[in-house]
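Visitor: Below is the structure, and that's it, no one-letter string:
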């Protein structure tokens, strides 16, 4: 049955792919014009909204005028408007009634945000991104049989807003899951949306493992840590040595949210043969980037999803209303904070995500981290990307596998020369033979990756060598469970400048 239906669906999708690849090539060739048109279209659509009337969207004719008239916004600046929208107010930040609000995971800041999801953003951004990711994969791998099998997509949960029963608040993945198009719903595994968007993670995990292990899974999508947990539970239930004994046609993993590289050794341990890894940048606020080639570690910045992009230089991140750059002004290799204006009603919204451009024709990016997730207590200027690269190199050299980690700055006021160090809490999947050697190698690798850290480590002043505290297996899981952040889009933060998370994790007893 699946194969018979899959063939015509593959043919239909081939037609769509050819059409869509031409459109993607179009914005790759004309990025500045595409972005300018995107902004003007959004302004025209929203000209009669509350914010549109406030700033005169109807009379804004270009991006420069837009930047002069409309200020940069943080979530707190839009919070009142969003609350009004949740209560059922129409035409506030975007035309019409907004029923869905995606709850951010609050990975770094801890602040829960409810991001409006309009029909425009759902259809022309999030769903479009999902289709494009498959299209780009098909374009690179024309012999794939993805639509001959099932697709396992791990999602979060949904809740009804207490102030208005017609308003739905929850993980973006759950909102997407509840409104999947027929062609995607038909391929989804497992069936039963209600159980998949439940907020009871253990019940959801058991349901997925019980039902999806019987399906012919070709594609898996989700956050790496949770997908590994699903796979390991299936292997344990069936007493199997690798997941290809259960899913022989599993060929593709769509991942996002965190860097996949530290997780590759753990995936290799549960796979029976190589698979393709394709990353996407599908944040709560919008779908921003997609991997468009096999084996690369950057993503194509998607310019026709109803999102207008601006960028803030690193030296201006702390400013309230800094100058922003458009695509014509960015440079390769420099970290930028992203600013977005979307078809969901976010206007010049400071995302707090940081990216680096790897190419400018076409525009391709890598995610560096968050402006809040940045170690600079001693002038070392360490980003999440630096930490992950150091972990990858160290575990290779020490024959170890790191499952999870978090880093915090520690200050000392007793010494005149050494004012502090970095404290690492690490949970190992495979422990190194010598933890002290691992500690030394990690410190040296970080120095090679980050010259500012190396300068601060010279002669052990002002920074002394980093210190690793090993925690037992399951510690980070128990901590996430205690916080109510299991599954979905929730991730372990890599940097904790407040030390609150590190202190909480240190108190977990397994």
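Guide: Thanks, I have the structure now. Everything numeric here is computed off the predicted structure, so don't read it as measured data.
Visitor: show me the contacts for the closest residue to residue 463 other than its chain neighbours.
Guide: Spatially, and ignoring its direct neighbours in sequence, residue 463 is nearest to residue 456 (4.4 Å; CB to CB, 6 or more residues apart in numbering). The C-beta positions use only the backbone N, C-alpha and C, and glycine is treated the same way. Contacts for residue 456 (CB atoms under 8 Å, 6 or more residues apart in numbering) come out as 378-380, 462-463.
Visitor: Mind checking which of these are buried?
Guide: Buried members of the contacts of residue 456, scored by 16 or more other CB atoms under 10 Å, are 378, 380, 462-463.
Visitor: Please identify the helix or strand for the closest residue to residue 48 other than its chain neighbours.
Guide: Setting aside the residues directly before and after it, residue 48 is nearest to residue 91 in space (CB to CB, 6+ apart), at 6.5 Å. Taking DSSP states H and E as the definition, one finds residue 91 inside no helix or strand.
Visitor: residues in contact with residue 91?
Guide: Counting by CB under 8 Å, 6+ apart, the residues that residue 91 touches are 48-50.
Visitor: Please repeat the previous calculation with a cut-off of 10 Å.
Guide: Listed by CB atoms under 10 Å, 6 or more residues apart in numbering, the contact set of residue 91 reads 46, 48-53, 85, 97-98.
Visitor: How about residue 89?
Guide: Counting by CB under 10 Å, 6+ apart, residue 89 makes contact with 50, 81-83, 97-98, 164.
Visitor: What are the buried residues along stretch 493-509?
Guide: By neighbour count on 16+ other CB under 10 Å, the buried set for stretch 493-509 is 493-497, 501-502, 505, 508.
Visitor: Of these, which pair is most distant in space?
Guide: Spatial extent of the buried residues of stretch 493-509 (CB to CB) is set by the pair 497 and 508 at 20.2 Å.
Visitor: For residue 154, state which of the contacts of residue 89 is nearest.
Guide: residue 98 (25.7 Å).
Visitor: Would it be right to say that that closest one lies in a strand?
Guide: No: when DSSP: H, G, I helix; E, B strand; the rest coil is applied, residue 98 is found to be coil, with no strand at that position.
Visitor: residues in contact with it?
Guide: 82, 85-86, 88-92, 116-119, 121, 167, 344-345.
Visitor: Recalculate using a threshold of 7 Å.
Guide: Shown in contact with residue 98 (CB atoms under 7 Å, 6 or more residues apart in numbering): 85, 116, 118.
Visitor: ditto for residue 449
Guide: Here residue 449 is in contact with 386, 389-390 (CB under 7 Å, 6+ apart).
Visitor: For these, which entry has the maximal number of neighbours?
Guide: Highest neighbour count within the contacts of residue 449, by other CB atoms under 10 Å: residue 390, with 23 neighbours.
Visitor: So which of the buried residues of stretch 493-509 are in helices?
Guide: Taking DSSP state H as the definition of helices, those contribute 501-502, 505.
Visitor: Kindly reformat those residues as JSON lines containing pLDDT.
Guide: Shown next, in JSON lines, are those (pLDDT from 0 to 100):
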{"residue": "501", "pLDDT": "93"}
{"residue": "502", "pLDDT": "93"}
{"residue": "505", "pLDDT": "94"}
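Visitor: Can you give me the pLDDT of the residue nearest to residue 48?
Guide: Confidence at residue 91, expressed as pLDDT, is 98.
Visitor: which one of the contacts of residue 89 sits closest to residue 427?
Guide: Of all these, the one sitting nearest residue 427 is residue 82; the distance, using CB to CB, is 36.1 Å.
Visitor: can you tell me the helix or strand for that closest one?
Guide: helix 75-86.
Visitor: same for the next helix or strand after that helix, what does it pack against?
Guide: Sequence-wise, the next helix or strand downstream of helix 75-86 (DSSP H and E) is strand 100-103. With contacts taken as 3 or more CB pairs under 7 Å, 6 or more residues apart in numbering; DSSP states H and E, strand 100-103 sits against strand 114-117, strand 168-170, helix 172-178.
Visitor: Relative to strand 100-103, what are the paired strands and their orientations?
Guide: Strand pairing for strand 100-103, using DSSP bridges, gives strand 114-117 (antiparallel), strand 168-170 (parallel).
Visitor: lowest average confidence, helix or strand, in this structure?
Guide: For the chain, using mean pLDDT, DSSP states H and E, the weakest element among its helices and strands is helix 193-196, scoring a mean of 52.
Visitor: mind listing what's buried in the very next helix or strand once past that one?
Guide: Later in the chain than helix 193-196, the nearest helix or strand by DSSP H and E is helix 201-212. Neighbour-count burial for helix 201-212 flags 201, 204-205, 207-209, 211-212 (criterion: 16+ other CB under 10 Å).
Visitor: How about residue 125: what's its closest non-neighbour residue?
Guide: Once flanking residues are discounted, residue 125 sits nearest to residue 305: 4.3 Å by CB to CB, 6+ apart.
Visitor: Three-state assignment for the one you found, please.
Guide: Following three-state DSSP, we place residue 305 in the coil state.
Visitor: how about it, what does it touch?
Guide: Counting by CB under 7 Å, 6+ apart, residue 305 has contacts 124-125, 128-129, 286-287.
Visitor: Local confidence estimate at it?
Guide: Taking residue 305 on its own, its pLDDT is 98.
Visitor: With residue 232 instead?
Guide: Checking the pLDDT column for residue 232, the value is 92.
Visitor: tell me which element it falls in.
Guide: helix 224-238.
Visitor: Now find how far off-centre that helix is within its chain.
Guide: 21 Å (CA atoms, centre = their mean, to the nearest Å).
Visitor: which strands and helices sit next to that helix?
Guide: Where contact means 3+ CB pairs under 7 Å, 6+ apart, helix 224-238 is packed against helix 201-212, helix 264-270.
Visitor: Okay, buried residues for that helix please.
Guide: 224-231, 233-235.
Visitor: Name the nearest of those relative to residue 353.
Guide: Closest to residue 353, out of all of the buried residues of helix 224-238 and judged by CB to CB, is residue 224, at 18.2 Å.
Visitor: quick one: that closest one and residue 270, what's the gap?
Guide: Residue 224 sits at a distance of 12 Å from residue 270 (criterion: CB to CB, to the nearest Å).
Visitor: worst average pLDDT in the helices and strands packed on strand 100-103?
Guide: helix 172-178 (a mean of 77).
Visitor: So what does residue 92 look like in phi/psi?
Guide: Residue 92 adopts backbone torsions of phi -100, psi -70, taken as degrees, to the nearest 10.
Visitor: pretty sure it is touching residue 49, no?
Guide: Yes: Residue 92 is within contact range of residue 49, at 6.1 Å (criterion: CB atoms under 7 Å).
Visitor: all strands of the stretch 401-510 of the chain, in order?
Guide: 401-411, 420-430, 467-471 (DSSP state E, counting those that start in this stretch).
Visitor: contacting residues around residue 166?
Guide: Applying CB under 7 Å, 6+ apart, we find residue 166 in contact with 88, 99.
Visitor: Please report how far it lies from residue 88.
Guide: Distance of residue 166 to residue 88, computed by CB to CB: 7 Å.
Visitor: rewinding a little: please produce CSV containing the buried residues of helix 201-212, extended by pLDDT.
Guide: Below are those laid out as CSV (pLDDT from 0 to 100):
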residue, pLDDT
201, 70
204, 79
205, 83
207, 86
208, 87
209, 88
211, 88
212, 91
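Visitor: Adding distance to residue 143, write those out as TSV.
Guide: As requested, the buried residues of helix 201-212 are exported to TSV (distance: CB to CB, whole Å):
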residue	distance to residue 143
201	37
204	34
205	33
207	33
208	29
209	30
211	29
212	25
